[in-house]
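Visitor: What would the 3D arrangement of this be:
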Amino acid sequence: MRFFRKAKRFSQDEAGAVTVDWVVLTAAVVGLVGLAMAGLRGNMTSVGAKVQDHLSGMSLSTTFD
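Guide: Residues are numbered from 1 along each chain as shown. Purely as a prediction, here's the structure:
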């Protein structure tokens, strides 16, 4: 009888539930950011190369009239 009271009290205790929720939420956010970075890595490299090509083809006039 005593065991069942302790088991019932344990099953109704929610002391660590908020911590578990935050851990799961944080893990999900970190995972999604990782996936986004992996998906954008190739595109960012090509954008950087295009900007470099554009800027290297420009000339800067430093004469003052």
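
Visitor: pLDDT wise, what is Asp53 at?
Guide: Reported pLDDT at Asp53 in the predicted model: 90.

Visitor: So what's the residue count around it?
Guide: 9 (other C-beta atoms under 10 Å). Where C-beta positions appear, they are placed from N, C-alpha and C, glycine not excepted.

Visitor: what's the pLDDT at Ala30?
Guide: Quick fix: residue 30 reads Val, not Ala. Predicted confidence (pLDDT) for Val30: 96.

Visitor: Okay, now the unreliable bits of the chain?
Guide: Along the chain, the model assigns pLDDT under 70 to residues 65.

Visitor: That one: helices as residue ranges?
Guide: 2-12, 17-56 (DSSP state H).

Visitor: export these to CSV and tack on distance to Thr62?
Guide: Supplementary listing: the helices of the chain in CSV, determined by distance: least, C-beta to C-beta, whole Å:
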stretch, distance to Thr62
helix 2-12, 77
helix 17-56, 16
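
Visitor: Nearest to Phe64 among those would be which one?
Guide: helix 17-56 (22.6 Å; C-beta to C-beta).

Visitor: what's the spacing between that closest one and its chain's center?
Guide: For helix 17-56, the separation from the chain centroid amounts to 6 Å (computed by C-alpha atoms, centre = their mean, to the nearest Å).

Visitor: Kindly report the same for stretch 5-12.
Guide: 38 Å.

Visitor: Stretch 4-22 now?
Guide: For stretch 4-22 - counting by C-alpha atoms, centre = their mean - the centre lies 30 Å from the chain centre.

Visitor: Mind listing what's buried along that stretch?
Guide: Residues of stretch 4-22 classed as buried by neighbour count (16 or more other C-beta atoms under 10 Å): none.

Visitor: any idea how far Lys8 lies from Val18?
Guide: Lys8 sits 21 Å away from Val18, taking C-beta to C-beta, to the nearest Å as the criterion.

Visitor: Report the central residue of this protein.
Guide: For the chain, the residue lying nearest the average C-alpha position, counting by C-alpha atoms, centre = their mean, turns out to be Val33 (2.6 Å).
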